[in-house]
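Trainee: Just need the structure, nothing else, for what follows:
(one chain, ligands or ions: 1)
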Amino acid sequence: MEQLNTHPIKKSDLGFHGNLFGGKLLSWIDASAAGYAMQLCDTPRMVTVSIDQCNFERPAKESQLLKIYGKPHKVGNSSMTLYMEARAHNVYTGKQDLILKTNITFVQTAYRDWETDRKSTRLNSSHRL
Ligand SMILES: CC(C)(COP(=O)(O)OP(=O)(O)OC[C@H]1O[C@@H](n2cnc3c(N)ncnc32)[C@H](O)[C@@H]1OP(=O)(O)O)[C@@H](O)C(=O)NCCC(=O)NCCS
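Mentor: Residues are numbered from 1 along each chain as shown. Now for the predicted structure:
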């Protein structure tokens, strides 16, 4: 699994209960996964089509590092599904807790013609997996 991003958790990232706000975490994971999908597929024109069930397994706290990891899970004709993990990293001990894991699917829209509803072209990604 590749490490994609590290976010130091700040006060402004917390929700009412002092834990990392869930919507913020989802936004970070979506952005990391989108960048990774673009890199693997050699195109910036990847859109999120689906995020699987998200269970927030543990809270992440201020001053921890929120690390995001990903790996390709499935490649289709015009879609790629990535398996993503977010882990809270304790800088004093190096211990990591799993906060959330999910699959995110992206679709290439580069050559889609909305007038004729022509389907997207085949992804240029299989050589990367
Ligand atoms: C992504 C989008 C172009 C797909 O359109 P569509 O007509 O449903 O696409 P198709 O039926 O032609 O399917 C295209 C691919 O997407 C996959 N797909 C479509 N809906 C999916 C879903 N809910 N979950 C997983 N994969 C899905 C299909 O399996 C297919 O994969 P393949 O080519 O590898 O076999 C369209 O849904 C869209 O524009 N959505 C908005 C995307 C967006 O704005 N995202 C930003 C976050 S809001």
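
Trainee: near the ligand, which residues of the protein show up?
Mentor: Within reach of the ligand by CB under 6 Å from any ligand atom, the chain has these residues: 47-50, 76-79, 105, 107, 109, 119. For every residue, glycine as well, the C-beta is placed using N, CA and C.

Trainee: Now, of the residues you listed, which are buried?
Mentor: Among the residues of the chain next to the ligand, those scoring as buried are 78-79, 105, 107 (criterion: 16 or more other CB atoms under 10 Å).

Trainee: What separation do you get for the residue of the chain at minimum distance from the ligand and residue 27?
Mentor: Residue of the chain nearest the ligand, by CB to the nearest ligand atom: residue 76 (2.0 Å). Separation of residue 76 from residue 27 (CB to CB, to the nearest Å) stands at 25 Å.

Trainee: before we move on, the earlier item: now render the residues of the chain next to the ligand as TSV, adding pLDDT.
Mentor: Putting these into TSV (pLDDT from 0 to 100) gives the following:
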residue	pLDDT
47	96
48	98
49	98
50	98
76	94
77	91
78	92
79	95
105	98
107	95
109	88
119	58
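
Trainee: related to what we said a few turns ago, okay, the residue of the chain closest to the ligand and residue 4: tell me how far apart.
Mentor: Distance of residue 76 to residue 4, computed by CB to CB: 21 Å.

Trainee: I'd assumed residue 75 was in contact with residue 123.
Mentor: Yes. Contact status for residue 123 versus residue 75: in contact at 6.3 Å, counting by CB atoms under 8 Å.

Trainee: quick one, which of these two is more surrounded?
Mentor: Neighbour tally, residue 123 and residue 75, criterion other CB atoms under 10 Å: the higher count belongs to residue 123, 23 against 17.
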